[in-house]
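> Turn this into a model:
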Amino acid sequence: MKFNLFERVASRAPESSKWLLNDISPYLGDVCPQIEVSRKVVNDGLSEIGAFALSVPAVAALFLLDQSGLGDAAAATVFSLLTPLPQCLALTLGLYHIAVWHSAHHGYTPAVGDLSDACADAACSFRNGLISLGLDDAEELGGQLISELRRGCYLISSEGVRSMRSPGLPPPIEIGIRLVLVEDTTRTRQAAKHLDALGQIVLERAYPYQVQDAFYSSGLTTTEAIDAIFVGCGDVVGRTTSMWDDELNRLSSALASRTPESNPRLDVAKSGQVNQPVFARP
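Numbering: from 1, shown residues only. Just a heads-up that it's a prediction; the model follows:
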């Protein structure tokens with residue numbers, strides 16, 4: 001399938017190669033991609049939004065210490081993934097594939113369900129983001145993209161667990177019972193290290209003496225570590241929203257300079273009224 005709309009966006013606005021949707025193309029084929037493809041998509045996507053995923057032990061520690069807070073952090077993570085940017089859409093698909101792949105060993109977890117729902121919502125959010133740019137055929141082609149991605153997500157759900165991994169290549173990131181993305185800073189890394197050490201004990205992967213150096217070297221109390229993680233999770237939401245605002249303004253300006261007459265939807269976008277990720281409506 002050829003999405004001329006996205007080629008047009010990329011050709012009209014400088015530095016818009018992401019809108020060619022090359023990172024999404026593996027999920028638009030007839031087979032589920034290899035797990036290495038999703039590993040690279042996820043690594044690139046996390047680097048672009050300046051975030052990292054909490055380890056399985058760290059999530060287990062949060063589950064033990066603040067289950068409600070973990071739920072809020074997981075919800076905030078999904079919210080950030082629904083930002084209508086190409087890299088966020090690709091990241092969501094890649095994370096879903098990895099979560100399904102890990103379910104062969106860990107069983108079904110809430111993270112798999114969260115990401116399955118997020119894939120459908122992210123596709124709709126992406127379409128609505130395109131519409132906010134004011135392109136005439138955005139709704140039609142956005143709908144076609146949703147249809148293609150629905151099929152791609154089905155392939156992930158049915159075949160992703162059997163995706164092969166090439167020998168010698170590193171495995172994809174582990175995803176715990178819930179997915180939590182945190183802004184990548186020195187403090188959040190130290191906080192994650194602290195919680196990971198605690199979680200190693202909770203999951204009986206290590207004895208206390210084996211992880212005590214990591215636990216104490218963070219320089220944080222457990223309460224401080226938890227607070228730092230929750231703040232970092234909120235910062236990811238702020239960062240992705242800011243990225244969308246910047247991209248919306250940049251693309252709107254570039255497209256407007258080539259638009260001979262006023263477009264009401266483009267005027268709305270330029271006015272700043274469309275500055276939040278748009279969720280799919282039932």
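
> what about the helices in the stretch 151-282 of the chain?
Using DSSP state H, counting those that start in this stretch, the helices of the stretch 151-282 of the chain run over residues 186-202, 208-217, 222-256, 264-271.

> Revised request: answer the last question for the stretch 1-150 of the chain.
4-12, 35-49, 56-65, 67-81, 86-106, 110-132, 138-159.

> To residue 192, which of these lies closest?
Nearest of the helices of the stretch 1-150 of the chain to residue 192, taken as CB to CB: helix 56-65 at 5.4 Å. The C-beta positions use only the backbone N, C-alpha and C, and glycine is treated the same way.

> ok now the closest one, how far from the chain's centre?
Chain-centre distance of helix 56-65: 20 Å, with CA atoms, centre = their mean, to the nearest Å.

> same for it, what does it pack against?
Secondary-structure packing of helix 56-65 (3 or more CB pairs under 8 Å, 6 or more residues apart in numbering; DSSP states H and E): helix 67-81, helix 186-202, helix 222-256.

> Pull out the buried positions in the shortest one.
Neighbour-count burial for helix 67-81, counted by 16 or more other CB atoms under 10 Å, picks out 69, 70, 73, 74, 76, 77, 78, 79, 80, 81.

> Ok, stretch 31-42 next?
Buried residues in stretch 31-42 (16+ other CB under 10 Å): 32, 33, 34, 35, 36, 37, 38, 39, 40, 41, 42.

> how about those residues in CSV, adding distance to residue 204 and pLDDT?
Shown next, in CSV, are the buried residues of stretch 31-42 (distance: CB to CB, whole Å; pLDDT from 0 to 100):
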residue, distance to residue 204, pLDDT
32, 33, 92
33, 34, 92
34, 32, 92
35, 27, 93
36, 30, 92
37, 33, 93
38, 29, 95
39, 27, 94
40, 32, 94
41, 33, 96
42, 28, 97
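
> How many residues are close by residue 162?
Using other CB atoms under 10 Å, the number of residues around residue 162 comes to 11.

> Tell me the pLDDT of the spatially closest residue to it that is not a sequence neighbour.
The shortest distance from residue 162 to any residue other than its chain neighbours is 7.7 Å, reached at residue 104 (CB to CB, 6 or more residues apart in numbering). If you check residue 104, the pLDDT there is 81.

> Kindly report the same for residue 206.
Reported pLDDT for residue 206: 65.

> separation between residue 121 and residue 43?
Using CB to CB, to the nearest Å, we find residue 121 at a distance of 23 Å from residue 43.

> Between the two, which is the more surrounded one?
Taking other CB under 10 Å, residue 121 and residue 43 do not tie; residue 121 has more neighbours (19 against 15).

> That one against residue 83, yeah?
No. Look at residue 121 against residue 83 with CB atoms under 8 Å: they stay out of range, at 11.3 Å.

> thinking again about what came up before, can I get the buried residues of stretch 31-42 in TSV with distance to residue 142?
TSV is the format used below for the buried residues of stretch 31-42 (distance: CB to CB, whole Å):
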residue	distance to residue 142
32	23
33	22
34	28
35	28
36	29
37	24
38	23
39	28
40	26
41	21
42	24
